[in-house]
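# Next input, structure requested:
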Amino acid sequence: MNLYRVFPAPLEVFDLTNEQSRHALEQLYMPGGQTSVRAIMVTNSAGDTVSPQGSSHGLTRGADRALLSSVRESADAVIVGAATVRSELVPLPRTTPLIVLCASGDLRGHQIVSRGAPNERLIVAAPPWCQDALATALEGQVWEQLPWEPGDPAHDLVASVLSRTGGGHVLVEGGRITWEYCAPLTTELLVASVPPPRDQHQGIPSWWPGDPTQWELRFLLTDDAKMLYYRHEMSPAARPSP
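Numbering: from 1, shown residues only. From the prediction side, this is the model:
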């Protein structure tokens, strides 16, 4: 499987079977600065992030899962919502802590799985009163609780996550409620989309909060399956205050 950078010119090819080429792709996607909040998602041409079956796996094709794995490696924490881990299989990242936002404390039926990697880490951000319910739902898992209330500002959550995990780079994988909650701090949008997007904003979903013109397309890739991969960065004038 190959990825092709089609914007900006000139064309660049990344062969995912080649170690040197994979490293070059990783460097292309490295977050900038000392801190960042990045949102990553797979969408269909209408901007939906789940299939009719309720899972993002119904939208995936091409190189998007390989790219997600690579982007995770450059993050210091990965944030997902409780609905995501209840609706689809979510392996614990091998090197990056997984933070699950759970306002209700209900993780019954979760599909979080361990692959036995030595650096796996599961942290559940939830109200303190949810501890007993979480302990029951996560029986057999090694996990930590991070005190969090759904009314807390996203800035406080991200600060708590980075204090607990170290580093400065957060990757938000969703679902939609989680993306929208973290949107005020998000400075990068990484969108893998089935072409062609129906909107006029280069793959940014119509539901994304804020003004689409505040985002600048840094590069666009495609692959052998014709998926489109957008990396948008918020323009300097629109960036949130530290």
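# use CA for all of it now, contacts and neighbours both
OK.
# Now for this protein, the helix or strand with the poorest mean pLDDT.
The weakest-scoring helix or strand in the chain, judged by mean pLDDT, DSSP states H and E, is helix 64-73 (a mean of 87).
# Report the angle between the helix or strand just after it and helix 64-73.
Remark: after helix 64-73, the chain's next helix or strand is strand 77-81, criterion DSSP states H and E. For strand 77-81 against helix 64-73, the angle by axes from the mean of the first three to the mean of the last three CA atoms, to 10 degrees is 130 degrees.
# Closest to the centroid, which residue in this protein?
What sits nearest the mean C-alpha location of the chain, by CA atoms, centre = their mean, is Glu173, with 2.5 Å.
# what's the helix or strand harbouring that one packed up against?
In the assignment (DSSP H and E), Glu173 maps to strand 169-174. The helices and strands touching strand 169-174, judged by 3 or more CA pairs under 8 Å, 6 or more residues apart in numbering; DSSP states H and E, are strand 36-43, strand 77-81, helix 154-165, helix 176-182.
# Going by neighbour count, list what's buried in it.
169-174 (16 or more other CA atoms under 10 Å).
# again with stretch 81-93
In stretch 81-93, counting by 16+ other CA under 10 Å, buried: 81-86, 90, 92-93.
# Stretch 134-144 now?
134-135, 137-138, 143.
# mean confidence for it?
For stretch 134-144, mean pLDDT rounds to 95.
# Over to stretch 172-181?
92.
# where does the protein dip in pLDDT?
Where the chain drops to pLDDT under 70, the residues are 50-59, 197-200, 241-242.
# quick one, helices of it?
All helices of the chain, identified by DSSP state H, fall at 19-28, 64-73, 82-87, 131-137, 154-165, 176-182.
# closest one to Tyr229 among those?
helix 64-73 (8.2 Å; CA to CA).
# what does the closest one contact?
The contact list for helix 64-73 (CA atoms under 8 Å, 6 or more residues apart in numbering) reads 26, 29-30, 40, 42, 78, 93, 95-96, 171, 192.
# how about TSV for these, with distance to Tyr181 added?
Listed next are those as TSV, based on distance: CA to CA, whole Å:
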residue	distance to Tyr181
Glu26	27
Tyr29	23
Met30	23
Ile40	14
Val42	18
Val78	14
Pro93	22
Thr95	25
Thr96	21
Leu171	13
Ala192	20
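# Closest one to Trp208 out of the residues you listed, please.
Once CA to CA is applied, the member of the contacts of helix 64-73 that ends up nearest Trp208 is Ile40, at 12.1 Å.
# tell me the contacts of that closest one?
With CA under 8 Å, 6+ apart, Ile40 has these contacts: 68, 171-174, 189-191.
# any chance of these in TSV, plus distance to Met1?
Output for the contacts of Ile40, formatted as TSV (distance: CA to CA, whole Å):
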residue	distance to Met1
Leu68	15
Leu171	25
Val172	26
Glu173	23
Gly174	26
Leu189	23
Leu190	20
Val191	19
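# out of these, who's nearest Gln202?
Using CA to CA, the contacts of Ile40 come closest to Gln202 at Val191, 9.4 Å.
# Any idea what the closest one is bridged to?
Met41, Tyr230 (DSSP bridges).
# cool, Val13 as well?
Residues in beta-bridge contact with Val13 (DSSP bridges): Tyr4.
# Perfect, I'm done here.
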